[in-house]
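> The following block contains a protein sequence and its predicted model.
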Amino acid sequence: MLIVDVVSCMSYCNCTLFCFTVTLAAVDEKAAKNKQLPCKFCGCFLFKLKRHMERQHADEAEVATACAKTGEEKQQIMAKVINMGVFAHNAKVLRDGQGHFVVAKTSKKVHIVEDYVPCKFCLGFYVARELYRHVKRCGEKGDGDCSGIATSGRMLLEGAITDSNDLMDRELKRLIVTQMRRDRRSRAAIGDKLIVLFAKGLLRKLGPNRANDIKQRMRQLGRLKLRLAELKGADDAGELSEYVSGKQFDEVIAAVEQECGLYVDESGRRQLSNPTLALKLGHSLSKIGQIKRGLAIRNDDCVSLKQAEHFVSLHKSEFTDLVSSCALSSIKTKGNSLTEMPDEEDMRRLKTHQLTMMTQLALQLRSTPNEITWRRLAEVTLSRLVVFNARRGSEVADLLVNDYRTWTDKPNTTDQDFITSMSTVEKRLLNR
């Protein structure tokens, strides 16, 4: 673990732990001389970085695009290029274990390097607990989703710092890979670079106690890969990275819908047979997009970077309407499904039994208090509340208009003892 003390009044602060030395360059807006930033193209630290790129790297595509603009638009493009250079530099520092770690905002408290997370919009590094303040006024945010910003930033950084030649480290093999069931789904997941990086990020975040959940997430993405191969008419879908792009987004949506069993019910509403899988896949695909984005920044791959950004943008704007809304509707419909209600006589017997047990257990608890009696009383009381609320809530939720009209045409058969216990308002509602 790397310990870094960030002091806003100092340009650099060296701290050493074990065999690692990290120098944190604190970027303070109030101190103009404390803004040395790394160049994306040559790696040197400079105060006037914008001027340096315009003079020395004008032939680069990003700089040429910025120079062709004027005013605020030019400043935004140059700021994005600078932040990408800082992000790539910090990723290299984390991989090497030494160097200048540049943050966008200093802190007076002592932090470890792992406390800093990049903003998924502008790529600037902030303390994870303070990241939400920056996102509120981030100029690159636009209409982007601000939920899960810390998790998305960690996944973005995971793709940038992980060495592609060391995907299967010992911990991942021991806790995840060796424990997975050997079938087509597992093989499709283990052999995919993005899925393995996704699993490593989850393992680092959740720890070994959640290894089973991570295995299920990997197998779910493996199922999606197999479905993509089936739609493509091929034996192998290839790398999942090929589908994380704007052009392939519709194919991914079609695969998710088929894998989750999309159908249209009697009322014409789109439903899913497995809605929970659709929601989990949506969450995983969002993180996969951020991982590919981080890999593209690390490798300076502009094509992959645009593909990842387009995929993430489409996922934010369309996945909810196309998949998530159907999944939530399916969960709600299945949760409100009402089987045949028991007879009124059976409900009365159950009520009498519950009240009798509650009275007896309450008396026993007063005379001889003990844990067993109290637990039985709590369970009986809870069952009484659950039955009471579930019966009336489900009856109203699933009552159709035709059934209501048919019931109102029949003579009133409500128990008189029950009517006498009603208030004046309830009696008037009953007579309507």
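Cool, the structure landed.
> okay but residue 220 is in contact with residue 283, surely?
No: taking contacts as Cβ atoms under 8 Å, residue 220 lies outside contact range of residue 283: 10.0 Å. C-beta: built from backbone N, CA, C; applies to glycine.
> who has more neighbours, these two?
Neighbours were counted for residue 220 and for residue 283 using other Cβ atoms under 10 Å; residue 220 has more, 17 against 14.
> show me the residues around the more buried one that make contact.
277, 280-281, 284 (Cβ atoms under 8 Å, 6 or more residues apart in numbering).
> Pick the one among these closest to residue 153.
residue 284 (16.6 Å; Cβ to Cβ).
> What separation is there between that closest one and residue 315?
11 Å (Cβ to Cβ, to the nearest Å).
> mind saving the C-alpha coords of stretch 114-127 as CSV?
Output in CSV follows, covering the C-alpha atoms of stretch 114-127 (Å, rounded to 0.1, in the frame of the first residue of the first chain):
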residue,chain,number,x,y,z
GLU,A,114,-6.0,3.9,-3.5
ASP,A,115,-8.2,6.6,-2.1
TYR,A,116,-8.0,8.6,-5.4
VAL,A,117,-10.4,7.7,-8.1
PRO,A,118,-10.6,9.2,-11.6
CYS,A,119,-13.7,11.1,-12.7
LYS,A,120,-15.3,9.0,-15.5
PHE,A,121,-16.2,12.2,-17.4
CYS,A,122,-13.0,14.4,-17.3
LEU,A,123,-10.5,11.7,-16.0
GLY,A,124,-9.2,14.0,-13.2
PHE,A,125,-8.2,12.2,-10.0
TYR,A,126,-10.1,13.1,-6.8
VAL,A,127,-10.6,11.5,-3.4
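> Same question for it: list its buried residues.
The neighbour-count check on stretch 114-127 (16 or more other Cβ atoms under 10 Å) flags 115-127 as buried.
> which of the contacts of residue 220 tops the neighbour count?
residue 281 leads these on contacts (other Cβ under 10 Å) with 25 neighbours.
> which residues touch the nearest residue to that one once chain neighbours are set aside?
Using Cβ to Cβ, 6 or more residues apart in numbering and skipping the chain neighbours, the partner closest in space to residue 281 is residue 256 (5.5 Å). Going by Cβ under 8 Å, 6+ apart, residue 256 touches 224, 227, 278, 281-282, 323.
> so where does residue 256 fall, helix or strand?
helix 249-259 (DSSP states H and E).
> Buried ones in stretch 40-50, by neighbour count?
Result for stretch 40-50 [16+ other Cβ under 10 Å]: buried residues 40-41, 46, 49-50.
> Take those and write them to CSV, including pLDDT and secondary structure.
CSV is the format used below for those (pLDDT from 0 to 100; DSSP: H, G, I helix; E, B strand; the rest coil):
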residue, pLDDT, secondary structure
40, 86, coil
41, 87, coil
46, 86, strand
49, 87, helix
50, 86, helix
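> okay if I get those residues as CSV plus distance to residue 252?
Listed next are these as CSV, based on distance: Cβ to Cβ, whole Å:
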residue, distance to residue 252
40, 31
41, 34
46, 42
49, 38
50, 38
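> and which of these is nearest residue 131?
For those, the residue nearest residue 131 by Cβ to Cβ is residue 40; the value is 22.8 Å.
> What are the phi and psi values at that closest one?
Torsion angles at residue 40 (phi, psi; degrees, to the nearest 10) stand at phi -70, psi -30.
> And the one 3 residues further on, by the same measure?
According to degrees, to the nearest 10, the main-chain angles of residue 43 amount to phi 80, psi 0.
> Next: residue 122.
Reported as degrees, to the nearest 10, the phi and psi values for residue 122 are phi -110, psi -10.
> nearest residue to it other than its sequence neighbours?
Residue 122 sits nearest to residue 140 (Cβ to Cβ, 6+ apart), 4.3 Å away.
> Specify the local secondary structure of that neighbour.
coil (DSSP: H, G, I helix; E, B strand; the rest coil).
> What does the pLDDT read for it?
Predicted confidence (pLDDT) for residue 140: 79.
> Regarding residue 324, what is its secondary structure?
At residue 324 the chain is in helix, as set by three-state DSSP.
> which ones are touching it?
By Cβ under 8 Å, 6+ apart, the residues touching residue 324 are 278-279, 282.
> repeat that with 10 Å
275, 278-279, 282-283, 318 (Cβ atoms under 10 Å, 6 or more residues apart in numbering).
> how about JSON lines for those residues, with secondary structure added?
Formatted as JSON lines, the contacts of residue 324 follow (three-state DSSP):
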{"residue": "275", "secondary structure": "helix"}
{"residue": "278", "secondary structure": "helix"}
{"residue": "279", "secondary structure": "helix"}
{"residue": "282", "secondary structure": "helix"}
{"residue": "283", "secondary structure": "helix"}
{"residue": "318", "secondary structure": "helix"}
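> Helices of the stretch 101-250 of the chain, residue ranges please.
131-136, 149-161, 170-175, 184-190, 193-206, 211-232, 249-259 (DSSP state H, counting those that start in this stretch).
> which one of the ones you listed has the most crowded surroundings?
Mean neighbour count, computed with mean count of other Cβ atoms under 10 Å, is highest for helix 149-161 among the helices of the stretch 101-250 of the chain, reaching a mean of 23.
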